[in-house]
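*Asks:* Only the shape, not the letters, is given here:
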């Protein structure tokens, strides 16, 4: 049958089909109400009594019947058409409906055998919901078929679009709640279709499910006229299909027709594009606006106040059921209105209900796309050593390190045309990653003009000026089993910090679920860093995301600060191979000194932290006078320079230089799996010599990671102390007291012994800083003319 | 003259007027190009030579001519109508145009006398731009007339809407760049008009300035058909006025007409509403879509490649000017195309240019609304003591603490009907702040139905399901001199963490500018905290914002963790009186123990941290055996309970309990102005006794704030270690190893002396935890039935 014929079958609902869909929906609604209220007597085999009711009523009824209505109809579409689909529930608290769906489809019991698809299992299903030891009231990691948590709102569309990229056969149903529709990230996510290629990508079918209210009031889109809503969504580029009402079975016919129209339209668009008939213009993808009453089929009125269709249906429409016989009676009446005795024989769904389920992997709760680790194929990675920079001697070369990563990713694009993407808020070139454009254009579904550069329908580099979109698309891409990297400005990485946290939490939870297969890691590259945003000024200077990632559980969070290009290559290769982590990589894009050969870099990156013998002069002695440690490119340069000053001026003062590339080697092993063993920690830092630590980020980060190490008080940290402005790179390190001169003074002040000449050297350093200050006053603040950007501070001599 | 007459005068541009506006615009464009390129020869009194060019070319030309075009026309509107207006420049890098505007208006030189409105000043104006020691390339805190930094994109509309709330005479011109228009927060901000009251609030006039490109590619709205853009914006509820083109003087006439139409429409809406003729429906507010070429009036083509109208005009259209004679010549030709000799006599703007400026405070660069501290009036605050909870004995009462804050704010609303608002993402009632609805409804400009509760046109409680909107509105409201509070879920405060950072940076920078008057503080209340989101589960558990605020400079950041209602009242009163801080207040909304009488609470909050004698038993001895410290409500309860166990079971073991309410008292004074003096620190914590510190947030926060205090290694911190799920409140503290039993064991393990009975007590504690574990397995994980939510752990006995 042609898609058009199939769509016609979807449109025409015969009586048997109607019976199946309606039975499934009633069953789901029954299970939803049961989850919210019951701890016993799940099938109402006896009259409902107070002790059957949970002691604390939690959960959200309002959105649930709409979600299950949609589920029932999409399942029917799947049964008729064989369409592969996943269901993303945007509304915050639709948990019970999706959990019930998984249970009705059998998936829940396959995954959690203790919650069987029988009477006992039903009881357990009810008790576990939103109860201690159980599951949350929103769709979560534990919900089979989900790649989207209904906790923090706003990301359902970005996850859906990420899921269908390079996934041509997948349909992602994305339900947008009208509360969620008010968030910025959601409003910014409709534009996903402006980046979608109908030939190569799958389709997102957004359903804006308007029931008019949030927790305690109306919603903007719920209260706007249909005309305005239509205008808005048409403006986003969609073909808007509307279904509104509450009458039954009328709504079944109406929605089946809308779904048929939408699906036929999707297939038409895709087939056109895939058969080469496409003129290249952006398709007008369908979407559905579904208006149903909040708490549809629930109590219409309680205590004389309307409930169905109002915000009062949001959570638990009947309260105090244990103590209020009237409410108890209403609840029983409500539950019996679904005719559970027809739906469940001894707790097992009857044949009508079961017949409404698609089979096997086509069940949305069982889709491998929603457990993307099952589908993950390793990247075909080139040998990163081939991109190495030649470093004749430490600090003997200078390069823009991220360019090398760009070249590596160019070839990853070429070798993996179906499973790797770069996501970047309009900064690919600016971040020196532009080599990727030799392998792929930017993705673009809006008009392409002849004057455009590296921009096409077929492009797969994702650029949109939205951290939320970039981050969320990559999450969706990862969770469906594909690989990528999100590259962004360091300061503005905080825009999506909340997404970083929520994704970390997802991965942490997934770690505990044996059925969830590991997925490619979320790789985040922070470039254009605080230290080198000297020209952009203070608003662009902020290494806050390190602080955020540090709070997350060690089982998923990784932070790398490669000091140069070869280290970056080694780190990137590792990250692209890893699974289920959040890998944060921090390195600037400006030309910078290169220290290590590729072989040295590999060894260094593998250890995570090493002594740089060439930079120090402690000759492997057990007790240097001081340890100069560093993590991060700019502060590494300052540290190496400080050591060089010390070596030159005080040759008998023993300095050890330790560079840290993997920040998570610093905590104790019990605090993070990368934490180095105590013996190795002592080899690097001793257990009593003072350490002057120059850190890329806020100093507090080091104080917290070394806590519990021997005599942690001996770590004296310099880092970004929130001092910035439009100035020179060197002035940035001076302002933040992390310059080479500060480090030398710190080293001398903290060393256990005061070497001869120390006070002269400190005086010399202070004089250098004075000179700098005078220079700043004369040449910067007074500005008779604009001078060179890099002040004449000593560069680092080659070794 | 009536507004309609005035609008007509705006629409009709006579020749003299045209000359003035065009001269001003040319002058501005000239100054913009000068800022990007020149370090000498500012007025081209001699032929341009390489040494006149800055050594490093930075800045952004692309958006600037459009911004100054708008500025010129709005200034003209102001001159004709006397309209009070401020200008918010959304595009990231339009700095030079706005700086030039302030200079042309004279404001710049009034504020920065060294940058005079003369030839020498012009030279300085050029040199300072985007140069070390100078100013950033985007609109920043240093720019007169700005309340909006053009750094992190997305917030121009929220700032504008916040600025006009309760500001009936103000017009906020908000220019949305088409790059910025792609961000989620911006897309989510158009809905501001759904909350605006034309009688009471001022007006926002959004100008979507489409020039089609970002840094290196097209933008979604720039490339969409005008029809789709119109449809989108109409859908948001606007009356869309379009102006497109590049021909001159045609565009002057065209835009003057559009502006006249928009202004007339605004006045009509406002007058209708204010004269009582309003039917209450949401007005169709005007907005303008302005399409001009990127880099309008700049080089059309360079090196055979088109520049004007393409992404190549984004930054510096002519590169390598010092070394490329052809580019140098092009630059000179470009600059001379503005006919500077006509515009500036000896560097001073000529009379035509000056005549284009509005006068005095009507100049947008001089508007007191953009320096809101000038207009700030103290809140009329009731005596917070009147809201005190009666606490007969420590832990002798239980209450929802935030309810008291709600009552306080109710009366603040009543007393300050024009300068106080609460902003809350649909959680006012849920956060127990609902008492405010006795004084004010929710603001709502969309349809109001009879069934709605506490919702009206005249409402001033701001509820929208968008942290970005809430936070940004409050920023705009604060920066224009008014007071408020943003109350949100703790975990989801990370959604707007980036805004918190950027606002902190703004306040930090403003601190250095004597002309910027202090503004009301940004007050953020985090409630629904990690510890008591036991039912919502892991995605709702995250105290990350504390970590973020900790990174900001001590001069602006404040973090309070009141343990009970009376402390909260005292803290809130302080915050409402304070200026130019970011005050973070963290307290849960659930019923909780109350410890202090109002007088005790005031004393405690004033000190910031105190010994709770009643909770410990060290009898003021210099050396307790251990200090139990705590910060945060839930962990305070655990600490008090732990001390109670210790006192009861080991009466001779000396325990001191210290409660910290102001987290910033812990750092050294040199690290934060609230840092307590060393002597006081020692009085509380001694300088050698081990401290078991139970903290509300991540333990690392305490490790970093106590760094540098005597023997900081002796602080053993328990806190949120990212362990969570759907469970009981008590299980949350157990999972995170911060329960009373953990604290007792920690106390005994770390005390300097081991008291007799210690090992028995530890064994007893371990047995309690075992029991808890067994309970969890039996009653939670196995769930034969749902039990009480609060496990039968000992509550705290009254003292």
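*Replies:* Received it, and whenever you're ready, just let me know what you need. Keep in mind the model is a prediction, meaning the values are calculated, not measured.
*Asks:* okay, now residue A:110: neighbour count?
*Replies:* Residues contacting residue A:110 under the criterion other Cβ atoms under 10 Å in any protein chain shown number 16. Placement of C-beta: from N, CA and C, glycine included.
*Asks:* Please name the nearest non-neighbouring residue to residue A:749.
*Replies:* Of all residues not flanking residue A:749 in the chain, residue A:762 sits nearest, at 7.7 Å (Cβ to Cβ, 6 or more residues apart in numbering or on different chains).
*Asks:* wait, what's in contact with that neighbour?
*Replies:* Shown in contact with residue A:762 (Cβ atoms under 8 Å, 6 or more residues apart in numbering or on different chains): A:744-745, A:748-749.
*Asks:* Mind telling me what element it is part of?
*Replies:* helix A:758-775 (DSSP states H and E).
*Asks:* What residues sit buried inside that helix?
*Replies:* Across helix A:758-775, burial judged by 16 or more other Cβ atoms under 10 Å in any protein chain shown covers A:758, A:761-762, A:764-765, A:768-769, A:772, A:775.
*Asks:* since we're on the residue in the stretch 51-200 of chain A that chain B sits nearest to, how many residues are nearby?
*Replies:* Per Cβ to the nearest Cβ, residue A:133 is where the stretch 51-200 of chain A lies closest to chain B, at 2.5 Å. Counted with other Cβ under 10 Å, residues neighbouring residue A:133 total 22.
*Asks:* Secondary structure of it: a helix, I assume?
*Replies:* No. Applying DSSP: H, G, I helix; E, B strand; the rest coil, one finds residue A:133 to be coil, outside a helix.
*Asks:* Pull up the gap between it and residue A:727, please.
*Replies:* According to Cβ to Cβ, to the nearest Å, residue A:133 stands 56 Å off from residue A:727.
*Asks:* again with residue A:279
*Replies:* In terms of Cβ to Cβ, residue A:279 sits 52 Å off from residue A:727.
*Asks:* In terms of packing, which of those two has more residues around it?
*Replies:* Regarding residue A:279 and residue A:727, a neighbour count based on other Cβ under 10 Å identifies residue A:727 as having more, with 24 against 6.
*Asks:* Apart from its chain neighbours, what residue comes closest to that one?
*Replies:* Once chain neighbours are set aside, the closest to residue A:727 by Cβ to Cβ, 6+ apart is residue B:132, at 4.7 Å.
*Asks:* going on from the helix or strand where residue A:230 lies, what's the next piece of helix or strand?
*Replies:* Per DSSP H and E: residue A:230 is located in helix A:226-235. The helix or strand immediately downstream of helix A:226-235 is strand A:239-244, counting by DSSP H and E.
*Asks:* And that following strand, what's buried?
*Replies:* Burial within strand A:239-244, assessed by neighbour count using 16+ other Cβ under 10 Å, is assigned to A:239-243.
*Asks:* again, but for stretch A:651-658
*Replies:* A:653-658.
*Asks:* So what touches it?
*Replies:* Applying Cβ under 8 Å, 6+ apart, the contact partners of stretch A:651-658 are A:609-612, A:615-619, A:621, A:623-630, A:639-640, A:643, A:646-647, A:684-685, A:689, A:691, A:747, A:751, A:755-756, A:758.
*Asks:* Now intersect the residues you listed with the helices, please.
*Replies:* Judged by DSSP state H, the subset of the contacts of stretch A:651-658 located in helices is A:639-640, A:643, A:646-647, A:684-685, A:747, A:758.
*Asks:* who does the lengthiest helix in chain A touch, helix- and strand-wise?
*Replies:* Ranked by residue count under DSSP H, the longest helix found in chain A is helix A:250-274. Counting contacts by 3 or more Cβ pairs under 8 Å, 6 or more residues apart in numbering or on different chains; DSSP states H and E, helix A:250-274 packs against helix A:3-11, helix A:15-37, helix A:64-81, strand A:203-210, strand A:239-244, strand A:286-291.
*Asks:* Of these, flag the one that's most buried.
*Replies:* Mean neighbours per residue, mean count of other Cβ atoms under 10 Å in any protein chain shown, is largest over the helices and strands packed on helix A:250-274 for strand A:203-210, with a mean of 27.
*Asks:* just checking, what packs against that strand?
*Replies:* Other helices and strands packing on strand A:203-210, by 3+ Cβ pairs under 8 Å, 6+ apart, are helix A:64-81, helix A:156-164, strand A:170-177, helix A:220-223, helix A:226-235, helix A:250-274, strand A:286-291.
*Asks:* ranking the ones you listed by burial, who's on top?
*Replies:* Most buried among those, counting by mean count of other Cβ under 10 Å: helix A:156-164, with a mean of 30.
*Asks:* Please enumerate residues in contact with it?
*Replies:* Identification of contacts with helix A:156-164 by Cβ under 8 Å, 6+ apart yields A:86, A:88-90, A:147-148, A:170-176, A:180, A:185-186, A:189-190, A:192, A:195-196, A:201-204, A:206, A:369, A:468-469, A:471-480.
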